[in-house]
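*Asks:* have a look; sequence and predicted model below, questions after that.
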Amino acid sequence: MSTTTEHTPESGDPLDSGPPTRPVPRLIQNEATTEIPVHLLFRDDPAPVPVPLRPAVVARRQGTGEQPRLRRPALGRPRPAAAVDPDLVESPARVLPGAVGVLAGLGGVAGALATSWWAGALPSLAVHALRLPASAGAGLGPAQWAAYAGAGALGVCGFGGLARGVTGQARVLGLFGRYRGTVRRTGLLWINPLHLRRRVDVRLRHWRSEEMPAADGNGVALRVAVLVVWRVRDTARAVLGVEDHETYLRECVEAALARVPVEVPGGVRGSVEAATDALTRRVAADAAGIGLEVFSVQPVRVAYAPEVAEAMHRRRIAALDAQQRATVLTSVVDSVEDTVTRLTMRGLVELDDYERKVLVRDLTVAFCSGRTGSAP
């Protein structure tokens, strides 16, 4: 029989000077990972070797109950506006009071009369009426034709540049394809006749759309008509930034309806207000890039699409019928409970379990029959 001697380290033993012995490492292991020693997660190496890792997609692992980590979109992040020339911004145009144009036009008319008197082409009746001296009768030479041309140009520029500014309307001016400013002034004005004028309505406007395709929160097809309250804020971008700003606004509303769920009235409480706020924010953000200011986009008529209208109508009737039946049943149960409780507590009857069940059954049948017969 052999004897085994156990070695006990003493204070001078070299084995006692080393680091304390680590416990036996456990292993982390599940269905989707490999075996990893625990001590490798907490290494004491002073300079670990860096190992480049590639980004991995974290998904759900079988049997662990872990949910995939999804990146949520940042709430309240402003959406980028439409790409429009940043230099295209409304600026006031240079115009003159209408009196300047009137004086210029009268000056052109006076110049033409004076040239006719100079050339001797003015009738004698006009000379006597205007109390002019006798004409020199110089005839129509190059000088007279030049004077006629100058007087005609002055009269055309004077009278041709007159314009009437109206409240709620603006004019976008352009010269040879270049934006020259916007006129918002009212009254009689003089504008350069060479400028191309485009009239824009800048008043608050209401637009009721035709029925547009949409969907509710469950994806059921709808037909929605909306009321849009808007106005033109930047006339330069509205007229020159797009071909037709009203068509662009209509397309923005259609795009918003394709992204925002709309509920049928009478469904979820507050759904109409939530849909109005969401539609207004989206359309206002899309239309701000072309100088349109949108105040409200409100659904005024919501109906199911023709292909699903009949099925949804039957479903809604069934839901209302089930709700009514549940209400009647709750009322009957409360009435039966109250009747049995009163009879028992007042000592009018003494019932065992069987008799109580029979009484509850008979009262339930009687109350249900009465409620059903009184229903319209």
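*Replies:* Received the coordinates, thanks.
*Asks:* from Thr330, how far off is the spatially most central residue of the chain?
*Replies:* Per C-alpha atoms, centre = their mean, the C-alpha nearest to the average position across the chain is that of Arg282, at 1.5 Å. As judged by C-beta to C-beta, to the nearest Å, Arg282 and Thr330 stand 43 Å apart. No exception for glycine: its C-beta is placed from N, CA and C like everyone else's.
*Asks:* show me the domain layout of the chain.
*Replies:* 96-198, 205-304, 309-374 (automatic domain parsing).
*Asks:* same list, those domains, but as CSV with mean pLDDT and distance to Glu90 please.
*Replies:* Putting the domains of the chain into CSV (pLDDT from 0 to 100; distance: least, C-beta to C-beta, whole Å) gives the following:
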stretch, mean pLDDT, distance to Glu90
domain 96-198, 86, 5
domain 205-304, 90, 4
domain 309-374, 79, 46
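*Asks:* residue contacts, the residue nearest to the centre of the chain?
*Replies:* By C-beta atoms under 8 Å, 6 or more residues apart in numbering, the contact set of Arg282 is Arg79, Cys252, Ala255, Ala256, Arg259, Val260.
*Asks:* repeat that with 7 Å
*Replies:* Applying C-beta atoms under 7 Å, 6 or more residues apart in numbering, we find Arg282 in contact with Ala256, Arg259, Val260.
*Asks:* so which strand or helix has it?
*Replies:* helix 271-287 (DSSP states H and E).
*Asks:* test my guess that Asn192 contacts Gly161.
*Replies:* Yes. If you go by C-beta atoms under 7 Å, Asn192 and Gly161 touch, sitting 6.1 Å apart.
*Asks:* of these two, who's got more company?
*Replies:* Gly161 (21 against 16; other C-beta atoms under 10 Å).
*Asks:* the more buried one touches Gly101, doesn't it?
*Replies:* Yes. At 5.0 Å, Gly161 counts as touching Gly101 under the criterion of C-beta under 7 Å.
*Asks:* list the residues that contact both of these two?
*Replies:* Trp190.
*Asks:* ok, back up a step: what comes up buried for the helix holding Arg282?
*Replies:* For helix 271-287, the neighbour count (16 or more other C-beta atoms under 10 Å) marks 271-272, 275-276, 278-280, 282-287 as buried.
*Asks:* okay, it in CSV with CA atoms only?
*Replies:* This file holds the C-alpha atoms of helix 271-287, laid out as CSV (Å, rounded to 0.1, in the frame of the first residue of the first chain):
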residue,chain,number,x,y,z
SER,A,271,-57.5,59.8,-35.7
VAL,A,272,-58.8,62.6,-37.9
GLU,A,273,-56.8,65.2,-35.9
ALA,A,274,-53.7,63.0,-36.0
ALA,A,275,-54.0,62.5,-39.8
THR,A,276,-54.6,66.2,-40.3
ASP,A,277,-51.4,67.1,-38.4
ALA,A,278,-49.3,64.5,-40.2
LEU,A,279,-50.6,65.5,-43.6
THR,A,280,-50.1,69.2,-42.9
ARG,A,281,-46.5,68.7,-41.8
ARG,A,282,-45.5,66.6,-44.8
VAL,A,283,-47.2,68.8,-47.4
ALA,A,284,-45.9,72.0,-45.8
ALA,A,285,-42.3,70.6,-45.8
ASP,A,286,-42.6,69.5,-49.5
ALA,A,287,-44.1,72.8,-50.7
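*Asks:* make 175 the starting number, not 1.
*Replies:* Yes, from this point I'll number from 175; that puts the last item at helix 445-461.
*Asks:* how far is it from where the chain is centred?
*Replies:* 4 Å (C-alpha atoms, centre = their mean, to the nearest Å).
*Asks:* residue contacts, Pro290?
*Replies:* Slight slip there: residue 290 is Ser, not Pro. Ser290 neighbours (C-beta under 7 Å, 6+ apart): Leu296.
*Asks:* tell me which element it is part of?
*Replies:* helix 272-293.
*Asks:* again, but for Thr504
*Replies:* Going by DSSP H and E, Thr504 is in helix 480-519.
*Asks:* same deal with Val346?
*Replies:* Element membership of Val346 [criterion: DSSP H and E] is strand 343-349.
*Asks:* buried residues in that strand?
*Replies:* Using 16+ other C-beta under 10 Å as the test for burial, strand 343-349 gives Ala344, Arg345, Val346, Leu347, Gly348.
*Asks:* for stretch 513-520, same thing?
*Replies:* Neighbour counts over stretch 513-520 (16+ other C-beta under 10 Å) mark Val514, Leu517 as buried.
*Asks:* and for stretch 530-547?
*Replies:* Within stretch 530-547, the residues scored as buried using 16+ other C-beta under 10 Å are Leu533, Val534, Leu537, Phe541.
*Asks:* pick the one among those residues closest to Gly329.
*Replies:* Of all the buried residues of stretch 530-547, Gly329 sits closest to Phe541, with 98.0 Å by C-beta to C-beta.
*Asks:* leaving out sequence neighbours, find the closest residue to that closest one.
*Replies:* Using C-beta to C-beta, 6 or more residues apart in numbering and skipping the chain neighbours, the partner closest in space to Phe541 is Val506 (4.5 Å).
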